[in-house]
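In: Give the three-dimensional model of this entry:
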Amino acid sequence: MPFPDPILLIALIALLASGVSMWVFNLFSSSSSKIRETHTHFALNQAAERLNEIEDASFPTTTTDLVSVLRASDIDWNSCEVVGDQILDGWGQAMTTTFDASSDTWTFRSSGTDSEVGTADDIEIAATRNQPGEQGGGGQAATRSESK
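Out: A predicted model of the protein is given here:
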């Protein structure tokens, strides 16, 4: 028994194809965001490790010095990068970097997937200068911060 209307068959196939393509698009879009999050965690952890290795007066205290130290370090940035004096996260958004002189600590914050600061998907890591003779570093693993 032949299909009653070839136009209806073509429309049905097109509808099925568009549904499948949307499913595939959403699958890759979700995976891409997770990869960007992983790259951001990885880059920030490497940056903190480099800073934690510095014990002397070469520890950066300005954004310009921080960027110079990070550019000279062997960091695998993946989808993150340093452009000018800004560190971009995996989504291409500028991260905030703040220095607390009282504790010799740099804090890096990525606004995460939603590009909004202060939400549950933010990624934050802090790196503290080692005191002479200290083992390891004062940094923390990159974490998601809690929503405010």
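In: I figured Thr61 hits Phe99, correct?
Out: Yes - assessed by Cβ atoms under 8 Å, Thr61 is found in contact with Phe99 at 5.9 Å. (C-beta placed from N, C-alpha, C; glycine too.)
In: Give me the more crowded residue out of the two.
Out: Taking other Cβ atoms under 10 Å, Thr61 and Phe99 do not tie; Phe99 has more neighbours (16 against 13).
In: For that one, which residues count as its bridge partners?
Out: Phe99 forms beta bridges with Trp106, as assigned by DSSP bridges.
In: Model confidence for it, exactly?
Out: With respect to pLDDT, Phe99 has a value of 97.
In: ditto for Leu15
Out: On the pLDDT scale, Leu15 gets 79.
In: One more: the one 4 residues further on?
Out: Reported pLDDT at Gly19 in the predicted model: 73.
In: That one: what's it in contact with?
Out: For Gly19, the contact set (Cβ atoms under 8 Å, 6 or more residues apart in numbering) is empty.
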